[in-house]
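Asker: Below are the sequence and a predicted model for it; my questions follow.
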Amino acid sequence: MSNPVYVAIDTPLLDDALNLVRKVKAHVGGVKLGLEFFCANGHHGVHEVQKLGLPIFLDLKLHDIPNTVAKAMQAINTLEPAIVTIHASGGRAMMEDAKAAAGIHTKVVGVTVLTSLDDHDLSRVGVADAPDAQVARLAALAQEAGLDGIVCSGHEVKSARKAWKDGFFVVPGLRPAGASTADQKRIVTPRQARDDGASILVIGRPITKAEDPDAAARAIVGTL
Ligand SMILES: O=C(O)c1cc(=O)[nH]c(=O)n1[C@@H]1O[C@H](COP(=O)(O)O)[C@@H](O)[C@H]1O
């Protein structure tokens with residue numbers, strides 16, 4: 001079984017990112033680079049991290065009209081990322097065009113309901129349904145659009161996996177027991193997410209902000 005843990009490197013500083021990846025690379029299966037890193041370092045930064053030998057998850061959460069998202073996807077194809085995110089709420093046509101524009105080795109996954117949101121936050125943006133119903137709706141749309149899978153919290157992954165057996169499920173919002181939740185609202189432990197059908201476990205601060213990131217990554221993998 002390959003290591004499902006992707007470490008979220010949320011920094012705009014290339015040297016910090018490289019140092020962190022060097023520290024934890026023996027105990028993670030891949031590296032997630034986000035918008036913060038990409039805006040600061042672009043293709044060059046991704047190439048530098050890629051040299052360390054782990055698969056790259058480019059978390060850009062693209063969300064725009066279909067033409068714009070498809071063109072953005074084409075512009076990152078030369079990086080050959082293993083995984084790229086788009087927002088499922090961008091609609092079916094946007095998802096179809098994004099997938100069509102992506103490279104054949106890239107998994108395109110749709111972000112459903114951010115793990116930092118709860119029922120109350122959803123109602124404030126006009127979504128009357130609870131997170132699980134909204135995740136189920138967007139997961140079905142992502143599947144229809146031909147995406148590889150979705151991003152959802154550990155609260156929804158079990159039912160999402162049941163409805164989409166060969167889907168690829170990316171689960172962030174993971175906290176080892178007792179860890180600080182910070183801005184995350186729908187959290188579970190890495191083990192729970194794994195048991196409930198997650199394909200990839202995205203873990204940031206519990207590893208990157210630990211005194212010893214390598215030991216933290218190793219301990220988390222030990223619980224799986
Ligand atoms: O797409 C994501 O990766 C993502 C989706 C989501 O709903 N929630 C979420 O936290 N993420 C990302 O997962 C990572 C979580 O980081 P930590 O909370 O530090 O573990 C961050 O890089 C977020 O951008």
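Answerer: Alright, I've got the coordinates.

Asker: Could you list the buried residues of stretch 93-107?
Answerer: By neighbour count on 16 or more other C-beta atoms under 10 Å, the buried set for stretch 93-107 is 94-99, 101-102, 106-107. From N, CA and C alone the C-beta is placed, and that goes for glycine too.

Asker: What are the buried residues along whichever helix in the chain runs longest?
Answerer: Longest helix in the chain, counting residues (DSSP state H): helix 35-50. By neighbour count on 16+ other C-beta under 10 Å, the buried set for helix 35-50 is 37-38, 41, 45-46, 49-50.

Asker: Repeat that for stretch 172-192.
Answerer: Quick answer for stretch 172-192 (16+ other C-beta under 10 Å): 172-175, 179, 184-192.

Asker: So which residues on the chain come close to the ligand?
Answerer: 8, 10, 34, 59, 85, 111, 114-115, 151, 172-173, 184, 202-206 (C-beta under 6 Å from any ligand atom).

Asker: From the residues you listed, which land in strands?
Answerer: Secondary structure from DSSP state E places 8, 34, 59, 85, 111, 151, 202-203 of these in strands.

Asker: Next one: residue 38 from the ligand, what distance?
Answerer: 12 Å (C-beta to the nearest ligand atom, to the nearest Å).

Asker: ugh, wrong one, residue 22
Answerer: Residue 22 is 19 Å from the ligand, by C-beta to the nearest ligand atom.

Asker: Can you report how many residues lie near that residue?
Answerer: Residues near residue 22, counting by other C-beta atoms under 10 Å, number 11.

Asker: ok, and what's touching the helix or strand that it is a member of?
Answerer: Assigning secondary structure by DSSP states H and E places residue 22 in helix 14-24. For helix 14-24, contacts defined as C-beta atoms under 8 Å, 6 or more residues apart in numbering pick out 7, 9, 11, 31, 33, 37, 40-41, 45, 48-49, 52, 54, 207-208, 213-214, 217.

Asker: Could you figure out how far it is turned away from helix 35-50?
Answerer: On the basis of axes from the mean of the first three to the mean of the last three C-alpha atoms, to 10 degrees, helix 14-24 is oriented at 60 degrees to helix 35-50.

Asker: buried residues in helix 14-24?
Answerer: 17-18, 20-21, 23-24.

Asker: Kindly report the same for stretch 107-127.
Answerer: Quick answer for stretch 107-127 (16+ other C-beta under 10 Å): 107-117, 119, 122, 127.

Asker: Which parts of this protein are strands?
Answerer: Using DSSP E, strands in the chain cover 5-9, 30-34, 56-62, 83-87, 107-111, 149-151, 168-171, 200-203.

Asker: What strands flank the last one, and is each parallel or antiparallel?
Answerer: Here strand 200-203 has these sheet partners by DSSP bridges: strand 5-9 (parallel), strand 168-171 (parallel).

Asker: do the fifth one as well
Answerer: The partner list of strand 107-111 in its sheet, established with DSSP bridges, is strand 83-87 (parallel), strand 149-151 (parallel).
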